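Undergrad: Just to be clear, the model below is a prediction. Sequence and coordinates:
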Amino acid sequence: MLYDKMNVGCVVYKKDVNTGKLFADWKFEYQGNCATGRGIGIGPIGNDYKGKYSIIYYNEQGESNGEYLLTITNDNKIYKLEWYQDEIMKCYGIGMMHDDLLIAGWIKTSII
């Protein structure tokens, strides 16, 4: 089945504009399995989501899935997201604003 080869995720970010904290709620499907979790990061203070964030994602059991450098840019109302570990891009996504939330779809750039 086509679904057995999926490598797709979605994430919703909510930013605390006063502290720069970024809260994530994510989902990911790979090889017929679905994972879900949360994340928390810190980045620039202010209303805009653009910038660099240090963020840690957690699975449903609260175990860390790793720390990333998340870079968010904005090009003509389309947000572009890149996740790095050790200066290597691990994931890429695009998103849009809805109310005060940044909603994005993403893929892993390589599956090991």
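TA: It's in.

Undergrad: all contacts plus neighbour counts: C-alpha atoms, from now on.
TA: Noted.

Undergrad: Can you pull out the low-pLDDT segments for the chain?
TA: Applying pLDDT under 70 to the chain flags residues 1-6, 111-112.

Undergrad: what about Gly66, which helix or strand?
TA: strand 64-75 (DSSP states H and E).

Undergrad: so after that strand, what's the next helix or strand?
TA: Next along the chain after strand 64-75, taking DSSP H and E as the criterion, comes strand 78-85.

Undergrad: name the helices or strands packed onto that following strand?
TA: Counting contacts by 3 or more Cα pairs under 8 Å, 6 or more residues apart in numbering; DSSP states H and E, strand 78-85 is packed against strand 64-75, strand 88-98.

Undergrad: The shortest one versus strand 78-85: what angle between them?
TA: By that I understand strand 88-98. Going by axes from the mean of the first three to the mean of the last three Cα atoms, to 10 degrees, strand 88-98 is angled at 150 degrees with respect to strand 78-85.

Undergrad: buried sites along strand 88-98?
TA: Met89, Lys90, Cys91, Tyr92, Gly93, Ile94, Gly95, Met96 (16 or more other Cα atoms under 10 Å).

Undergrad: Make CSV from those and add distance to Lys52 to it.
TA: Below are the buried residues of strand 88-98 laid out as CSV (distance: Cα to Cα, whole Å):
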residue, distance to Lys52
Met89, 14
Lys90, 15
Cys91, 15
Tyr92, 14
Gly93, 15
Ile94, 15
Gly95, 16
Met96, 17
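
Undergrad: Hmm, Gly41 is touching Ser54, no?
TA: Yes. With contact defined as Cα atoms under 8 Å, Gly41 reaches Ser54; the gap is 5.3 Å.

Undergrad: And the two? Which one has more around it.
TA: Higher neighbour count among Gly41 and Ser54: Gly41, with 20 against 17, using other Cα atoms under 10 Å.

Undergrad: dump the residue contacts of that one.
TA: Gly41 is in contact with Lys21, Leu22, Phe23, Tyr53, Ser54, Ile55, Ile56, counting by Cα atoms under 8 Å, 6 or more residues apart in numbering.
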